[in-house]
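1. compute the structure for the input listed below.
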Amino acid sequence: MNQPNQQTVVDDHRNMLMVSKKISKFQEQNLKSWAFLFFENLSEAEVSWNFIRNNANQDFYPGKVEFNLKFKRGSKLDPEKCQEGMDRLIACTKFLFWSETDVKVKKSGRKWTINKSPKEETQTSQKKK
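-> Reported below is the predicted structural model:
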């Protein structure tokens with residue numbers, strides 16, 4: 001028995017990216033809006049991407065997407081919610097493109113790593129023992 005074609009809209013856009021070497025408006029709009037869904041007090045989200053290797057052949061590859069997030073001045077950021085937002089942003093980006101796509105998240109132009117609370121660090125270190 002023949003299986004119906006399980007191609008999705010996302011698959012169609014991935015395929016077009018491989019052919020055209022340019023992201024679609026659909027992909028661009030998703031990239032530019034997701035951060036506002038996943039982070040509270042976000043004032044600005046810049047996104048850059050590259051799917052072409054910087055070599056003589058300009059080869060296509062799974063690419064790199066970089067988010068630079070800026071938050072409203074004086075915002076208190078909950079580390080747990082920020083980590084959850086970052087995880088979701090990375091997962092959605094990899095789903096939109098490929099699991100091999102390199103996704104970086106920066107905060108105000110700097111690499112962003114979430115600082116664990118002292119309570120979390122104690123729990124984590126206890127689990128490792």
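2. which ones are touching the spatially most central residue of the chain?
-> Residue closest to the average C-alpha location in the chain (C-alpha atoms, centre = their mean): residue 90, at 3.3 Å. By C-beta atoms under 8 Å, 6 or more residues apart in numbering, the contact list for residue 90 reads 103, 105. Using the backbone N, CA and C atoms, a C-beta is placed for each residue, glycine as well.
3. now do 7 Å
-> residue 103 (C-beta atoms under 7 Å, 6 or more residues apart in numbering).
4. that one: which element?
-> Following DSSP states H and E, one finds residue 90 within helix 79-96.
5. beyond that helix, next helix or strand please.
-> By DSSP H and E, the next helix or strand past helix 79-96 is strand 102-107.
6. can you give me the mean pLDDT across that next one?
-> For strand 102-107, mean pLDDT rounds to 97.
7. show me what it is packed against.
-> Other elements packing on strand 102-107 under the criterion 3 or more C-beta pairs under 7 Å, 6 or more residues apart in numbering; DSSP states H and E are strand 60-71, helix 79-96.
8. same thing but 10 Å
-> strand 42-52, strand 60-71, helix 79-96 (3 or more C-beta pairs under 10 Å, 6 or more residues apart in numbering; DSSP states H and E).
9. let me have the ones you listed in JSON lines, extended by distance to residue 13.
-> Output for the helices and strands packed on strand 102-107, formatted as JSON lines (distance: least, C-beta to C-beta, whole Å):
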{"stretch": "strand 42-52", "distance to residue 13": "12"}
{"stretch": "strand 60-71", "distance to residue 13": "13"}
{"stretch": "helix 79-96", "distance to residue 13": "8"}
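10. quick one: least confident helix or strand in the chain?
-> Across the helices and strands of the chain, the lowest-confidence element by mean pLDDT, DSSP states H and E is helix 118-128, at a mean of 47.
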